[in-house]
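K.L.:
just coords:
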């Protein structure tokens, strides 16, 4: 392929990365803004709103740092300029932290759904169900601690490794700083750090499916209808969707390994940002409060647009 075609593809990928960032940032800012406005009005948030706010903040941070790192390295060569090298390393460390934070808090959402919706009668589970609200802050802090530990493990890796992104100007063309084996170890460490939250999400989904099956069986045996069944299905859809996209997210990390240190890294970054954007959008659709606010904003925007169009049309029609 000619050099001009590669340049065109590179620019197209950069534009696509910027577009995905704007879409993801808008979605996550909406989640945080709605819950923040609700907290300012009532001075309290539900447990679910607290978890969703944490998810929105972590994913917004991830998308900001990812985009800044890619554009900073490509356009400003931050990793080559000595004065900007510290900024580049700090951005990559923050990106790792927000990446792991997003993963762990998303896992917390799966665990929260399990505890709130499932109906097991084991004493330990009943006790956890009663105290989940009191433990929520500690669980969020634990997620951040795990994310920080994962980040430090990768940050303390030998300094000649340029990071998971591998998107320095050198790396876009050739391997000049580290062996491929060292880079593979780095990527494997990064992905391995996500296996524990992935396993927790899988177990939470399985247990919730078991609980739902038992609940439906009891309904059939007693011939009673359950008005609360909709919340089961909503949570199940959210968890299954999250789990499937999460699986693809980890799979992309492995499948993209041969390309992680070439120009195709931009394509990989776009795919990595796809998970938080899609799942955050699904959370808006699946959460009543967020869905109503989103609909109101959409209606107001449509009304403003229609009024503006009507005014322009009136001005253009001669008397």
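P.N.:
Sure, I can see it. All figures in this text were calculated on a predicted structure; none of them were measured in a lab.

K.L.:
now the helices for the stretch 1-150 of the chain?
P.N.:
Per DSSP state H, counting those that start in this stretch, the stretch 1-150 of the chain carries helices over the ranges 3-42, 47-76, 82-117, 123-155.

K.L.:
which one of the ones you listed has the lowest average pLDDT?
P.N.:
Mean pLDDT per stretch puts helix 3-42 lowest among the helices of the stretch 1-150 of the chain, at a mean of 80.

K.L.:
can you name every helix or strand that that one contacts?
P.N.:
The criterion is 3 or more Cβ pairs under 8 Å, 6 or more residues apart in numbering; DSSP states H and E, and the helices and strands that helix 3-42 contacts are helix 47-76, helix 265-286, helix 288-316. All C-beta spots, glycine's among them, are computed from the backbone N, C-alpha and C.

K.L.:
reformat the ones you listed as a markdown table; add mean neighbour count and distance to residue 94.
P.N.:
Compiled in a markdown table, the helices and strands packed on helix 3-42 are given as follows (neighbours: other Cβ atoms under 10 Å; distance: least, Cβ to Cβ, whole Å):
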| stretch | mean neighbour count | distance to residue 94 |
| --- | --- | --- |
| helix 47-76 | 21 | 5 |
| helix 265-286 | 20 | 15 |
| helix 288-316 | 11 | 27 |
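
K.L.:
okay, those helices in JSON lines with distance to residue 15 next?
P.N.:
Compiled in JSON lines, these are given as follows (distance: least, Cβ to Cβ, whole Å):
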{"stretch": "helix 47-76", "distance to residue 15": "11"}
{"stretch": "helix 265-286", "distance to residue 15": "10"}
{"stretch": "helix 288-316", "distance to residue 15": "24"}
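
K.L.:
for residue 207, find the nearest of those.
P.N.:
The minimum distance between residue 207 and the helices and strands packed on helix 3-42 falls on helix 47-76, with 18.1 Å, by Cβ to Cβ.

K.L.:
what is that closest one packed up against?
P.N.:
helix 3-42, helix 82-117, helix 123-155, helix 265-286.

K.L.:
list the buried residues of the second one.
P.N.:
The reference is to helix 82-117. 84, 87-89, 91-115, 117 (16 or more other Cβ atoms under 10 Å).

K.L.:
ok so, going back, out of the helices and strands packed on helix 3-42, the one nearest residue 213 is which?
P.N.:
helix 265-286 (21.0 Å).

K.L.:
quick one: list the elements packing against that closest one.
P.N.:
Looks like helix 265-286 contacts helix 3-42, helix 47-76, helix 229-255, helix 288-316 (3+ Cβ pairs under 8 Å, 6+ apart).

K.L.:
avg pLDDT for stretch 274-281?
P.N.:
Per-residue pLDDT values over stretch 274-281 give a mean of 82.

K.L.:
list the contacts of it.
P.N.:
20, 23-24, 27-28, 31, 55-56, 59, 62-63, 102, 106, 241-242, 245-246, 248-249 (Cβ atoms under 8 Å, 6 or more residues apart in numbering).

K.L.:
go again with 10 Å.
P.N.:
Under the criterion Cβ atoms under 10 Å, 6 or more residues apart in numbering, residues 20-21, 23-28, 30-31, 52, 55-56, 58-60, 62-63, 66, 98-99, 102-103, 106, 109, 238, 241-242, 245-250, 252, 290, 294 lie in contact with stretch 274-281.

K.L.:
this completes my enquiry, with thanks.
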